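> model this:
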Amino acid sequence: MKNFFLLAILAFTTAAFFSYREKRPAPTLLSPECYVACYNGDIRDQFRAEANTPEFAALHLAPKPYTLENPTGTTLNFPAADGKTASGYFIKSKKKTNNWIFVIQEWWGLNDHIKREAETLAAELGNVNVLALDMYDGGVAATADSAMKLMRSTTTERLEAIVKGALQEAGPKAKIFTIGWCFGGMWSLQSSLLAGKQAAGCVMYYGRPENNVEKLKGLNCDVIGFFGNLDRSPSPAVVKQFEADMQAAGKNLDANKYEAGHGFSNPSNPAFNQEATADAHAKAIAFLKKRL
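Numbering: from 1, shown residues only. A predicted model of the protein is given here:
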């Protein structure tokens with residue numbers, strides 16, 4: 001009889017446990033929008049977390065093979081703010097100038113596509129020193145898996161130290177412009193924030209925008225941005241919030257939107273949108289020339 005009661009209690013407990021499991025709602029994955037709406041942490045760390053997901057990797061086609069022939073730039077080594085050495089692809093202006101533009105890579109690394117963009121900017125703008133920052137310390141990816149590994153291998157602190165080192169290299173009298181795509185789009189804005197009163201103009205091709213209004217109040221330059229209405233990172237909702245945040249901070253943002261998806265203007269993208277890219281490039285050059 002005693003064993004019967006023990007078995008009955010065990011059966012009841014087991015049934016109750018599985019009943020609870022069946023009724024418990026399944027966990028809901030955070031949408032990209034929630035990285036902005038649900039958190040108040042450092043947006044740079046949030047982006048690194050998102051960029052290490054299969055969903056983010058799926059937004060990127062493998063970069064098309066390309067080798068830059070007859071490069072006009074050289075490797076520039078300089079001390080980073082953390083005491084280590086940083087480097088970049090440097091194209092010095094033919095005439096002495098205090099104008100500098102930092103070119104910031106996609107998440108693939110400082111590949112020849114980005115070096116070509118740096119050379120194009122140097123040729124079209126003229127009176128400017130162009131420095132394409134090597135944010136991965138020599139690492140370049142050809143697949144999404146290797147790009148995620150490179151992203152994991154660095155830290156927000158190291159990336160910030162590289163930018164601060166570049167600012168030190170440019171000097172206290174330098175006018176700092178920034179441009180970047182995706183990962184580089186986010187760091188274009190972050191670099192302009194780090195530049196303080198030296199910031200002269202920021203060009204961001206998509207990339208996760210800063211969502212801290214108080215931090216945006218410290219921005220000392222205008223921003224021109226290019227975004228895809230079909231993009232999921234950042235989504236149209238995130239871009240709309242960025243516009244509101246910039247307005248709340250009292251800063252100027254020219255947000256240009258295209259019927260295109262993620263990375264529509266990435267230099268390494270084999271399926272880039274030619275029409276949107278041409279329009280964005282013309283507007284970016286005009287924006288920069290006006291402020292040089």
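
> Give the ranges of residues in the stretch 101-250 of the chain that sit below the confidence cut-off.
Nowhere does the stretch 101-250 of the chain drop to pLDDT under 70.

> so where do the helices sit in it?
Here the stretch 101-250 of the chain has its helices, by DSSP state H, counting those that start in this stretch, at 112-125, 144-153, 156-170, 183-194, 213-216, 236-249.

> okay, now the residue nearest to Pro234 when sequence neighbours are not counted: neighbour count?
In space, and not counting its chain neighbours, Pro234 is closest to Arg208: 5.6 Å by Cβ to Cβ, 6 or more residues apart in numbering. (Each C-beta comes from the backbone N, C-alpha and C, glycine too.) Neighbourhood size, Arg208 [other Cβ atoms under 10 Å]: 27.

> Arg208 and Arg48 touch, don't they?
No - between Arg208 and Arg48 there is no contact, the gap being 9.9 Å when judged by Cβ atoms under 8 Å.

> any idea how far Leu216 is from Ala132?
Counting by Cβ to Cβ, to the nearest Å, the gap from Leu216 to Ala132 is 26 Å.

> who has more neighbours, those two?
Neighbours per residue (other Cβ under 10 Å) separate Leu216 from Ala132, with Ala132 holding more: 29 against 22.

> Contacts only, for Ala147.
57, 60, 107-109, 141 (Cβ atoms under 8 Å, 6 or more residues apart in numbering).

> export the residues you listed to CSV and tack on neighbour count and distance to Ser233?
Formatted as CSV, those follow (neighbours: other Cβ atoms under 10 Å; distance: Cβ to Cβ, whole Å):
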residue, neighbour count, distance to Ser233
Ala57, 16, 11
His60, 21, 10
Trp107, 25, 11
Trp108, 29, 15
Gly109, 24, 19
Ala141, 22, 17
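
> From those, pick the one nearest Thr74.
The nearest member of the contacts of Ala147 to Thr74, counting by Cβ to Cβ, is Gly109 at 18.2 Å.

> so that closest one makes contact with Ala141?
Yes - under the criterion of Cβ under 8 Å, Gly109 makes contact with Ala141 at 5.5 Å.
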